[in-house]
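Trainee: got a predicted structure plus its sequence, pasted below:
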Amino acid sequence: MSEQPQFSIKVDQNKFLPEGGREVHAIVSVESAGGAPAAAPPAAAEVIIIDHSGSMTYPETKMRSAIAAAQTAIDTIRDGVYFAVVAGSNSASMVYPSQTVLKRADAETRREAKAAVGRLRAYGGTAIGSWLRLANELFEQLEGGVRHAILLTDGKNQHETAEELDAALSRCTGRFVCDCRGVGTDWEVAELRKIASALLGSVDIVADPQDLVADFQAMTEAAMGKNVADVALRVWTPQTAKLRFVKQVLPSVEDLTGKRTESGPQSGDYPLGAWGAESRDYHICVEVPPGEVGKELRAAWVKLVVPGPAGTEPQVLATGNVLAQWTDDEAQSTRINPRVAHYTGQAELAEVIQEGLQARKDGDLDTATARLGRAVQLAEEAGNDAITTMLRKVVDVVDPATGTVRLKKKVDKADEMQLETRSTKTVRTRKGEG
């Protein structure tokens, strides 16, 4: 028995604009909570993609840990879920089953799959686009339902062109969600982030191969908790308004603006992937024409939608309004909504960390110091203790309140990559706020 989540939308904003004001900001919080038990679990498929290129042999614990992690993930897949395991090197190949089909999980297929994974050996190169294309071919066998992949690699995408990877991502976008993990420190953060972003998944570093088992188990458990597929945020704006951006800001910063698909007059859909019982926050900015003092306008109408049966309209799960009202009361119009301010700072935090680390790599130490100092300041203000801890492994903090720092002369590569990878992870409240 599974539960169909009940969705709700809450909008946080200061709707008041000064005379001549145009820009409306709002935080749209979407929450899903367990509802009444459903008659049967929703259709679902899981594909585990394991890098078995030659570099996985060093250290030898890497391949061994990857195998153990994949076997743990297989054990975590619930009965009835379709699944497959793919091996990736210069090309993609089936590990289990041997044919390009999905198998239903039960005691026997899990035992067979774990045995097949145990026979994996490392050789060859890395061509991630081919891995994704095979996963997509497998997912095409499931009509609707929750489709999730785990992708593990330890290296750069050296054996296909950037254009080939882009073409694969274009083909896979909207077809399944993919969580990406880099093991060790010889892979490219930007490359895996690009894949995860396109496929609405997460990206993280597993510096120590021995941590793979716990990470794979957590990802698979989370995937098994998803029971609503292909959720989208539909945003309508007035004819005279312009939607400036839509960004996810919790649990991580992700710009969804470029992922829009038109859904009707003055309306567009932004993909949110699959959902279980969870909450996420989105920052919406709308530019509206100035109105008269006292006039109130609906600047945006947001809906949470999922596809309906073939030939029918999408199902609306929840709705909310973003408002604008013009005032000559300066106290009203200059008050910044604390949640808007908080997430604006979190988005800047991710940006300055990535800029600072890139400047450090480029040898521009002044820029690196300034950007990472600003990051320390923003993390302190936001109460983002996890990011603060990671920053302190890269810089010596003199004064967190002013962002005064000194670059450390020696930084462990894993610490630097961890900061870069997790720079987009956010927290919900500032220090001292409930």
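Mentor: Now that the structure is in, tell me what you want to look at. Residues are numbered from 1 along each chain as shown.
Trainee: tell me the buried residues in the helix or strand harbouring Gly268?
Mentor: Per DSSP states H and E, Gly268 falls inside strand 267-275. The neighbour-count check on strand 267-275 (16 or more other Cβ atoms under 10 Å) flags Gly268, Asp269, Tyr270, Pro271, Leu272, Gly273, Ala274, Trp275 as buried. C-beta: built from backbone N, CA, C; applies to glycine.
Trainee: and it, how far out from the chain's middle?
Mentor: Counting by Cα atoms, centre = their mean, to the nearest Å, strand 267-275 is centred 13 Å from the centre of its parent chain.
Trainee: one more: stretch 72-90?
Mentor: 21 Å.
Trainee: contacts for the longest helix along the chain next, please.
Mentor: Taking DSSP state H as the criterion, the chain has its longest helix at helix 338-362. Defining contact as Cβ atoms under 8 Å, 6 or more residues apart in numbering, one finds that helix 338-362 is touched by 12-14, 25-27, 247, 249-250, 253, 281, 283, 365, 367-372, 374-375, 378-379, 381-382, 384, 387, 391, 394, 407, 416, 419-420, 423-424, 426-427, 429-430, 433.
Trainee: how about 7 Å then?
Mentor: Contacting residues not belonging to helix 338-362 are listed as 12-13, 25, 27, 247, 249, 253, 281, 283, 367-368, 371-372, 374-375, 378-379, 381-382, 384, 387, 407, 416, 419-420, 423-424, 426, 430 [Cβ atoms under 7 Å, 6 or more residues apart in numbering].
Trainee: returning to that earlier point: got the buried residues of strand 267-275 as CSV, with pLDDT columns?
Mentor: What follows is the buried residues of strand 267-275, written out as CSV (pLDDT from 0 to 100):
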residue, pLDDT
Gly268, 98
Asp269, 98
Tyr270, 98
Pro271, 98
Leu272, 98
Gly273, 96
Ala274, 96
Trp275, 95
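Trainee: closest one to Val305 out of those residues, please.
Mentor: Of all the buried residues of strand 267-275, Asp269 has the smallest distance to Val305: 7.0 Å, by Cβ to Cβ.
Trainee: if I look at Ser202, how far off is Pro400?
Mentor: To Pro400, Ser202 is 28 Å away according to Cβ to Cβ, to the nearest Å.
Trainee: who has more neighbours, the two?
Mentor: Neighbour count, other Cβ atoms under 10 Å: between Ser202 and Pro400, Ser202 has more, with 21 against 18.
Trainee: sorry, back to before: closest to Ile67 among the buried residues of strand 267-275?
Mentor: The shortest separation between Ile67 and any of those is 26.9 Å, and it belongs to Ala274 (by Cβ to Cβ).
Trainee: dump stretch 139-146 to CSV, restricted to CA.
Mentor: The C-alpha trace of stretch 139-146 is given here as CSV (Å, rounded to 0.1, in the frame of the first residue of the first chain):
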residue,chain,number,x,y,z
PHE,A,139,12.6,3.7,-19.5
GLU,A,140,10.7,3.9,-22.8
GLN,A,141,9.2,0.5,-21.8
LEU,A,142,7.3,2.1,-18.9
GLU,A,143,4.3,4.2,-19.8
GLY,A,144,4.0,6.9,-17.2
GLY,A,145,5.0,6.3,-13.6
VAL,A,146,8.1,7.3,-11.7
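Trainee: roughly how far is it from the heart of the chain?
Mentor: The answer for stretch 139-146 is 21 Å, by Cα atoms, centre = their mean.
Trainee: that one: which residues count as buried?
Mentor: By 16+ other Cβ under 10 Å, the buried positions in stretch 139-146 come out as Phe139, Leu142, Gly145, Val146.
Trainee: and the longest strand belonging to the chain, how far from the chain's centre?
Mentor: Counting by DSSP state E, the longest strand found in the chain is strand 315-327. Its chain's C-alpha centre and that of strand 315-327 lie 25 Å apart, by Cα atoms, centre = their mean.
Trainee: low-confidence ranges, the chain, go.
Mentor: Low-confidence segments of the chain (pLDDT under 70): 1-4, 34-41, 430-434.
Trainee: hmm, 50 instead?
Mentor: Counting by pLDDT under 50, the chain shows low-confidence ranges at 1-2, 36-39, 432-434.
Trainee: give me phi/psi at Gly294?
Mentor: Backbone dihedrals for Gly294, given as degrees, to the nearest 10, come out at phi 100, psi -20.
Trainee: begin at 49, not 1, for the rest of this chat.
Mentor: Happy to do that; since the first residue is 49 now, the last one works out to Gly342.
Trainee: neighbours of the nearest residue to Asn184 once chain neighbours are set aside, how many?
Mentor: Nearest residue to Asn184, sequence neighbours excluded (Cβ to Cβ, 6 or more residues apart in numbering): Cys220, at 4.8 Å. Look at Cys220: counted by other Cβ under 10 Å, it has 20 neighbours.
Trainee: torsion angles phi and psi at Cys220?
Mentor: phi -90, psi -20.
Trainee: my guess is it contacts Leu182. True?
Mentor: No - look at Cys220 against Leu182 with Cβ atoms under 7 Å: they stay out of range, at 10.4 Å.
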